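Undergrad: Attaching a predicted model along with its sequence, questions to come.
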Amino acid sequence: MDDWIRPWRLYADVDGRATRRDYWLFHLGAAAVLVAVAIVTRLVEDSLAWLIAALGLGESNAAALLLFAIMLAPLLALPILLVPSLAVSARRLRDLRLSRRWLLLLGLPFGGVALLVLLGLGREGASEVELPAPTRRAAIDADIDELAEQARFPA
């Protein structure tokens, strides 16, 4: 349960890290919430439709509007889950040492499926393989020096 609650505590924090377990448990929990909301909405909608039919209010615009409003309830759960979902995905991308720009795949058809595979099946503990800070800095400085040498023109 704590693995599903942790992304809610880090609601909009995109700078941390998220393990594969954090990522999957949050998204599976979010899917369970959406399914539960859809089931409850459907039960309420069917009960209300039966009541409207029993009372003979089928021609009423207010009754139709009420049924329509209840049908939209699962869509109200999506924006609530959107920000923590993007945040845990960004943290998972950082854990894999990838750019957050990969989240732009969500705007493409079937891009969400590709991102799901990328994040869900990515390397576990990629952050543990990182070089220590002094070694990483030395490697960056060496790359910069090499690029500077290649960019110099003969006099």
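TA: Cool, got the structure. Residues are numbered from 1 along each chain as shown.

Undergrad: Please report the distance of A32 from R91.
TA: Using CB to CB, to the nearest Å, we find A32 at a distance of 21 Å from R91. For every residue, glycine as well, the C-beta is placed using N, CA and C.

Undergrad: Quickly find the element holding the residue lying closest to L108 once chain neighbours are set aside.
TA: Excluding the flanking residues, the one nearest L108 by CB to CB, 6 or more residues apart in numbering is A114, at 7.9 Å. Using DSSP states H and E, A114 sits within helix 111-120.

Undergrad: Let me see the ranges of the helices in this protein.
TA: Using DSSP state H, the helices of the chain run over 2-9, 20-55, 61-71, 73-95, 111-120, 133-151.

Undergrad: in the protein, which residue is closest to the centre?
TA: Closest to where the C-alpha atoms of the chain average out (CA atoms, centre = their mean) is S85, at 2.6 Å.

Undergrad: Pull the contacting residues for it.
TA: 26-27, 30 (CB atoms under 8 Å, 6 or more residues apart in numbering).

Undergrad: Which one (most neighbours) among those?
TA: Most neighbours among those, by other CB atoms under 10 Å: F26, with 24 neighbours.

Undergrad: What separation is there between that residue and L82?
TA: 12 Å.

Undergrad: L106 too?
TA: Taking CB to CB, one finds L106 at 10 Å from L82.

Undergrad: Using JSON lines, lay out the helices of the chain together with distance to W102 and mean pLDDT.
TA: As requested, the helices of the chain are exported to JSON lines (distance: least, CB to CB, whole Å; pLDDT from 0 to 100):
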{"stretch": "helix 2-9", "distance to W102": "18", "mean pLDDT": "74"}
{"stretch": "helix 20-55", "distance to W102": "13", "mean pLDDT": "85"}
{"stretch": "helix 61-71", "distance to W102": "34", "mean pLDDT": "79"}
{"stretch": "helix 73-95", "distance to W102": "6", "mean pLDDT": "84"}
{"stretch": "helix 111-120", "distance to W102": "6", "mean pLDDT": "78"}
{"stretch": "helix 133-151", "distance to W102": "22", "mean pLDDT": "63"}
